[in-house]
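# Pasting the sequence and the predicted coordinates here, then a few questions.
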Amino acid sequence: MAKDLRGFLAEYERENPREFCRVKEEVDPRYEAAAILTKLEEARKLPILFYEKVKGSAFPVVTNVYSTKKKIASSISIDPKRFRDKYIEAVENPIPPKIVSDGPVMEERVGEGDVDLRALPMMTYHEGDAAPYITAGMVLAEDPETGEYNASFNRLMYKGRNRAGIFMTVGKHLHEIYSRMEDQGKPLPISISIGNHPAWALGALYIGAYGESELGIIGGLLGGPAEVVKGELKGTLFPADAEIVLEGVIEPHVREEEGPFCEFSGYATGKGLRPVVTIKSMHSRKKAIYQDICGGQHREHLIMATLPMEANLYRSIKGAVPTLVDVHVPAPFTLIVSIKKRFQGQAQSAMLAAFSAEMYLKQVIVVDADIDITNLQEVIWAVATRAQADRDIMVIPGARGSSLDPSSGAEGVVTKMGIDATAKPFLSSFPRRGRVPREIMDRLKLEAYVNLAEL
């Protein structure tokens, strides 16, 4: 199994040539790269895209790396059906990182006086985006009180040669670390790594208790310690095998306008006064590859967050509801849960466990095990025929949610809703669903009765 991005790309291109597309024509980072991806998605094609020439930059660009469960699972050498089990295993059996003195990312260095973010092929995706953005930058920061490191993805808006606006969700872990440093009037040293093995993304997207180590989860997914290098700035670490790393500080008590930017919600939201990063140095491999994640509701943006989220939520809800069957995130801020209900109140337990585990969740629908939760028609049918609003809807006002929700209040205060769409009192006592006998469905061959080519 490859342990870095370029090794994974080489393996995937070799084994799945029809799912890897090299674009040899020069592409403009202003809208054109996003347009190519959009047109491919409209044609239901989701290849890894490798742009060999990008206008204004010497770096090639790769995107769509996380666009399917197959790609993500193959990066850690497992069958897609085993992804959830493998992820939970890595969470429960973390392998601490290994600090090394050198790595491929240290091959080239640009100092503070010469750093120029314009050298990077930062993309502008949608009308209304305020500026070019770095979207696949993974931020590593050390908690000043515990010494633990947090990994997260945070959008970075270009502001100047060595300055970028950073979006941090209020209530999430990086924001808490920054707040602890700001309380002391100190800048927060961070590293921003671009172009990592997919296991790094899977770990950085883990949703758990404050202080839990994402670096240990990454090691668990890789099957061995993730190798990290100590940065030049005190307290910074970064992946030894990354393609590009920026070292910098988030300045205390500095706020500048950041956004708007079209987020996973599908809306251009998030304009506001936010902290600023000053870049102190840049490290890179020779002939480094710049990794990008197209913003908005593009497949990669949704899939890469959804798969770890579903695994995290499954683990959390299972602790409260042992008869949990499955979970599915079909849309932003939304979760569908199926359970084998054994007693009244179990659906409500599932809702509360889900809301506690993931701050972004705004609505949770709980259904019985006979409902296919990936089929939204069946889910809505269950709500329509098994729920009554006065009895089965839980409303939680004034809760922390996502400020990326355009309907939210100040800094993401929302009203959360849970719907118990399970049969009452139990599925066994509810009217039977109309079904053709399974024996007949399995035996009958449709082509013996109908000419499908003429339909």
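That came through fine.

# Render the CA-only coordinates of the host helix or strand of Tyr12 in PDB, please.
Element membership for Tyr12, per DSSP states H and E: helix 5-15. As requested, the backbone C-alpha atoms of helix 5-15 are provided in PDB (Å, rounded to 0.1, in the frame of the first residue of the first chain):
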ATOM      1  CA  LEU A   5      -0.300  10.900  -2.500                       C
ATOM      2  CA  ARG A   6       1.900  10.300  -5.600                       C
ATOM      3  CA  GLY A   7       2.300   6.700  -4.800                       C
ATOM      4  CA  PHE A   8      -1.500   6.300  -4.400                       C
ATOM      5  CA  LEU A   9      -2.100   8.100  -7.700                       C
ATOM      6  CA  ALA A  10       0.400   5.900  -9.600                       C
ATOM      7  CA  GLU A  11      -1.300   2.800  -8.200                       C
ATOM      8  CA  TYR A  12      -4.800   3.900  -9.000                       C
ATOM      9  CA  GLU A  13      -3.900   5.000 -12.500                       C
ATOM     10  CA  ARG A  14      -2.200   1.700 -13.200                       C
ATOM     11  CA  GLU A  15      -5.100  -0.400 -11.800                       C
END
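
# Quick one: residues contacting the residue lying closest to Val254 once chain neighbours are set aside.
Distances taken as C-beta to C-beta, 6 or more residues apart in numbering put Val276 closest to Val254, at 5.1 Å, once the chain neighbours are dropped. Heads up, the C-betas are built off the backbone N, CA and C, glycines and all. By C-beta atoms under 8 Å, 6 or more residues apart in numbering, the contact set of Val276 is Lys159, Arg163, Ala164, Gly165, Ile166, Ile250, Glu251, Val254, Arg255, Glu256.

# measure Val276 to Glu257 for me?
Distance of Val276 to Glu257, given as C-beta to C-beta, to the nearest Å: 10 Å.

# Can you check my assumption that Gly220 lies in a helix?
Yes. The assignment for Gly220 (DSSP: H, G, I helix; E, B strand; the rest coil) places it in a helix.

# Could you look up the SS state of the nearest residue to it once chain neighbours are set aside?
The shortest distance from Gly220 to any residue that is not its chain neighbour, by C-beta to C-beta, 6+ apart, is 2.9 Å, and that residue is Ala90. At Ala90 the chain is in helix, as set by three-state DSSP.

# can I assume Ala90 is in contact with Ala226?
No. In this structure, Ala90 sits apart from Ala226 without contact. The criterion is C-beta atoms under 8 Å, and the distance is 11.2 Å.

# Looking at those two now, which is surrounded by more residues?
Just comparing Ala90 and Ala226: by other C-beta atoms under 10 Å the higher neighbour count belongs to Ala226, 28 against 24.

# Turn the contacts of Val276 into JSON lines, columns for pLDDT, neighbour count and secondary structure.
Below are those laid out as JSON lines (pLDDT from 0 to 100; neighbours: other C-beta atoms under 10 Å; DSSP: H, G, I helix; E, B strand; the rest coil):
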{"residue": "Lys159", "pLDDT": "97", "neighbour count": "19", "secondary structure": "strand"}
{"residue": "Arg163", "pLDDT": "98", "neighbour count": "19", "secondary structure": "strand"}
{"residue": "Ala164", "pLDDT": "98", "neighbour count": "28", "secondary structure": "strand"}
{"residue": "Gly165", "pLDDT": "98", "neighbour count": "24", "secondary structure": "strand"}
{"residue": "Ile166", "pLDDT": "97", "neighbour count": "24", "secondary structure": "strand"}
{"residue": "Ile250", "pLDDT": "98", "neighbour count": "25", "secondary structure": "strand"}
{"residue": "Glu251", "pLDDT": "97", "neighbour count": "18", "secondary structure": "coil"}
{"residue": "Val254", "pLDDT": "97", "neighbour count": "15", "secondary structure": "coil"}
{"residue": "Arg255", "pLDDT": "97", "neighbour count": "12", "secondary structure": "coil"}
{"residue": "Glu256", "pLDDT": "97", "neighbour count": "14", "secondary structure": "strand"}
